[in-house]
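Asks: Provided below for reference: sequence and predicted model.
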Amino acid sequence: MQVRLFQIDAFTTERFSGNPAAVMLLESYPGDHLLQALAAENNLAETAFIVPEDADFRIRWFTPTVEVPLCGHATLASAAVILERLEPTRNFVIFRSASGPLTVSRSELGYVMDFPVRPCSAIKPPKDLAAVLGSPFEEVVWDGFNFLVCLPCAAAVRNLSPDLSAIARMPAAGIIVTAAGDGEYDCVSRYFAPAKGIPEDPVTGGAHCALTPFWAARLGKNELLAFQASARGGTLRCTLRGDRVEIAGSCVFYLEGKAEW
């Protein structure tokens, strides 16, 4: 069997930065074991599998080790494939997903995604969290999937070198670390999810479903310019609209071909 395969750098305007995602076009979904094997073979933080469904598309996301309920950068990459390669006359696409319908539209910034908010609630910090992170922290909240940890400053986020094996043992999908921004940015962050096969995710749309309401409340503004300070780095423009978050970014095509099995 042959299917079209794309590799795209998301949340960037330059190749070799942002977050690389694989997008595979299928006529229907095979068994989960094969989907997981394909994602492991691609060996990127996420592989998106998209299937036409009426006028929309069904989407599922897999890391090299597990299926996840939501992925921002692979959704952005999937929209780029549809709007630039498959149906260039379209202005938006709706993905049906485990997290509900997700709309991605063209914009002057590339594309803008409409995602559900992840409200944060107060929680007791995990034991030895400061030692695990190698940094003091100011606040810890829970977004329903991850611990969101606020550090004292942007430099602390940028310089962090946490104990990934300890993070993998925590009762969470991962840890989002964040601080108020420096320079032009309202906030900076990094995301560690070794339990999902992602030691550090380069740029994480899903994390900003929690970061946007978190920082909107603290900064008193609903429009944020966010930077994810991984080695590759990526910029996200986030807007809080009630119980939804609009996340805007660009994509760059890197590879187009066919996968065969």
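Replies: Received the coordinates, thanks. Being a predicted model, the structure only gives us computed values, none of them experimental.
Asks: could you use CA atoms for every contact and neighbour count after this?
Replies: Noted.
Asks: need phi/psi at Val245.
Replies: phi -120, psi 130 (degrees, to the nearest 10).
Asks: could you measure from it over to Thr103?
Replies: Val245 is 11 Å from Thr103, where distance means CA to CA, to the nearest Å.
Asks: Glu138: neighbouring residues, count only.
Replies: Using other CA atoms under 10 Å as the criterion, Glu138 is surrounded by 10 other residues.
Asks: ditto for Ala74
Replies: Residues near Ala74, counting by other CA under 10 Å: 30.
Asks: so it sits against Phe49, correct?
Replies: No. Judged on CA atoms under 8 Å, Ala74 makes no contact with Phe49 at a distance of 9.3 Å.
Asks: any shared contact partners between the two?
Replies: Val23, Trp61 (CA atoms under 8 Å, 6 or more residues apart in numbering).
Asks: the stretch 1-150 of the chain: strands as residue ranges?
Replies: Listed in chain order, the strands of the stretch 1-150 of the chain (DSSP state E, counting those that start in this stretch) span 2-10, 19-25, 46-53, 56-62, 67-68, 92-97, 100-107, 110-116, 121-122, 139-142, 146-150.
Asks: please read the previous query as pertaining to the stretch 151-261 of the chain.
Replies: According to DSSP E, counting those that start in this stretch, the strands that the stretch 151-261 of the chain contains are 174-180, 187-193, 198-201, 223-228, 234-241, 244-249, 251-260.
Asks: contacts for the fourth one?
Replies: For strand 223-228, the external contacting residues (CA under 8 Å, 6+ apart) are 181, 184-190, 202-204, 212, 216, 233-240.
Asks: in its sheet, what does that strand sit against?
Replies: Strand 223-228 has its sheet partners listed here by DSSP bridges as strand 187-193 (parallel), strand 234-241 (antiparallel).
Asks: got the angle for it vs strand 244-249?
Replies: 60 degrees (axes from the mean of the first three to the mean of the last three CA atoms, to 10 degrees).
Asks: what mean pLDDT does strand 223-228 get?
Replies: Mean pLDDT, strand 223-228: 98.
Asks: coming back round to it: quick one: the strands paired with strand 223-228 as CSV, columns for mean pLDDT, mean neighbour count and distance to Leu148 too.
Replies: Formatted as CSV, these follow (pLDDT from 0 to 100; neighbours: other CA atoms under 10 Å; distance: least, CA to CA, whole Å):
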stretch, mean pLDDT, mean neighbour count, distance to Leu148
strand 187-193, 98, 24, 9
strand 234-241, 97, 21, 17
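Asks: just put these in CSV and tack on distance to Glu256.
Replies: Converted to CSV, the strands paired with strand 223-228 look like this (distance: least, CA to CA, whole Å):
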stretch, distance to Glu256
strand 187-193, 28
strand 234-241, 22
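Asks: for the residue nearest to Gly197 when sequence neighbours are not counted, give me its contacts.
Replies: Once flanking residues are discounted, Gly197 sits nearest to Thr65: 5.6 Å by CA to CA, 6 or more residues apart in numbering. For Thr65, the contact set (CA under 8 Å, 6+ apart) comprises Gln36, Ala39, Ala40, Lys196, Gly197.
Asks: mind checking how far Thr65 is from Glu139?
Replies: 30 Å.
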